[in-house]
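J.: no sequence on hand, only this structure:
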Ligand code: MG
Ligand code: MG
């Protein structure tokens, strides 16, 4: 069942979402060659908990040990933070994180370059970002779930890259994973009808090579079957009367200097 959220509930989700956006800004300054994924995870957990009542929602979810999923290069999702995994110049790292605040979840992911990356990898990041933006534009009342996936497909078509099809977006609410599933492919006008008050995590995952993935022996990390790089961008989006509202952005506020 797809639950609709009230405007007040959406405001609470946006407050949690803005913590994620601020966290990404902080992490962008800390992502560098030599930094371990556990260092990023420790920083993130402390940062999230520094807002009263906010908790990292992935920690312990289905038994996952980290606050962040840290997935490097060919790792698509669910990489486990480790002191033994350090970033190298030219890597990309996809960071996926959820926050629960006031009983409501938000979920967002971003792929960061580590130092200078090659032109093909930069193009991968840009195509994945473009796919997310195109998909978000279709997150409006009256659209269907299939319209969102179709927008991702249209964006990726002709780039030579592949859409990872085994992993999908989802509804977000009191639980981080709710109905409906939001695939990154689809036919226009098919799937669930979208209504005002729905909150969806839209999250294209795009690979340079094959769309096929496999799970490593740690039973968490999912990698591309051919070892090619993959990128992941995700926002939590509310469907409002006025159009899509991205809830995982930094809220505007006055800062003292
Ligand atoms: Mg996520
Ligand atoms: Mg998600």
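T.: Noted; the coordinates are in hand. Because the structure is a prediction, the values reported are computed rather than measured. Ligands and ions are numbered 1, 2, ... in the order given.
J.: which is the next helix or strand following the longest helix belonging to the chain?
T.: In the chain, taking DSSP state H as the definition, the longest helix is helix 7-30. Using DSSP states H and E, the helix or strand that follows helix 7-30 in sequence is helix 37-49.
J.: got the contact list for that next one?
T.: 19, 22-23, 26-27, 30-31, 54-56, 59, 66-68, 70, 72, 79-83, 85-87, 93, 95, 97, 99 (C-beta atoms under 8 Å, 6 or more residues apart in numbering). In this view, the C-beta of every residue, glycine as well, is placed from N, C-alpha and C.
J.: show me those residues that map onto helices.
T.: Using DSSP H, those in helices are 19, 22, 23, 26, 27, 30.
J.: contacting residues around residue 64?
T.: 58, 78, 80, 220.
J.: of these, closest to ligand 2?
T.: The shortest approach to ligand 2 among the contacts of residue 64 belongs to residue 58, at 9.7 Å (C-beta to the ion).
J.: can I assume that closest one is in contact with residue 77?
T.: No: taking contacts as C-beta atoms under 8 Å, residue 58 lies outside contact range of residue 77: 11.0 Å.
J.: between those two, what contacts are shared?
T.: Going by C-beta under 8 Å, 6+ apart, residues that sit against residue 58 and also against residue 77 are 69, 96.
J.: quick one: end-to-end distance for stretch 64-80.
T.: Start-to-end span of stretch 64-80 (C-alpha to C-alpha, to the nearest Å) is 8 Å.
J.: in it, which residues are buried?
T.: 64, 66-80 (16 or more other C-beta atoms under 10 Å).
J.: now swap in stretch 51-62 and tell me
T.: In stretch 51-62, counting by 16+ other C-beta under 10 Å, buried: 54, 55, 56, 57, 58, 59.
J.: ok, now stretch 184-194?
T.: 184, 185, 186, 191, 192, 194.
J.: ligand 2 contacts on the chain?
T.: 107, 201 (C-beta under 5 Å from the ion).
J.: rerun that using 8 Å as the cut-off
T.: Within the chain, the positions adjacent to ligand 2 are 96, 98, 107-109, 169-170, 172, 176-177, 201, 203, 234, 236 by C-beta under 8 Å from the ion.
J.: show me what contacts residue 110?
T.: Contacts of residue 110 (C-beta under 8 Å, 6+ apart): 24, 94, 95, 232, 233, 234.
J.: which strand residues bridge the fourth one?
T.: With beta bridges defined as DSSP bridges, residue 232 has these partners: residue 205.
J.: and the pLDDT for it?
T.: pLDDT recorded at residue 232 is 98.
J.: hmm, back to that, which of the buried residues of stretch 51-62 sit farthest apart?
T.: Taking every pair in these and measuring C-beta to C-beta, the maximum separation is 13.1 Å, between 54 and 58.
J.: quick one: residue 249 and residue 17 touch, right?
T.: Yes: with contact defined as C-beta under 8 Å, residue 249 counts as touching residue 17 (6.9 Å).
J.: which one's more surrounded, those two?
T.: For residue 249 versus residue 17, neighbours defined as other C-beta atoms under 10 Å are more numerous around residue 17 (31 against 16).
J.: was I right about that one contacting residue 245?
T.: No: counting by C-beta under 8 Å, residue 17 sits too far from residue 245 to count as a contact (10.0 Å).
J.: which of the ones in helices among the contacts of helix 37-49 count as buried?
T.: The buried subset of the ones in helices among the contacts of helix 37-49 (16+ other C-beta under 10 Å) comprises 19, 22, 23, 27.
J.: and the two most separated of those residues?
T.: 19 and 27 (12.3 Å).
J.: in the sheet, who's paired with the residue in the stretch 51-200 of the chain that ligand 2 sits nearest to?
T.: Across the stretch 51-200 of the chain, the shortest distance to ligand 2 (C-beta to the ion) belongs to residue 107, at 4.2 Å. With DSSP bridges applied, residue 107 shows beta-bridge pairing to residue 98.
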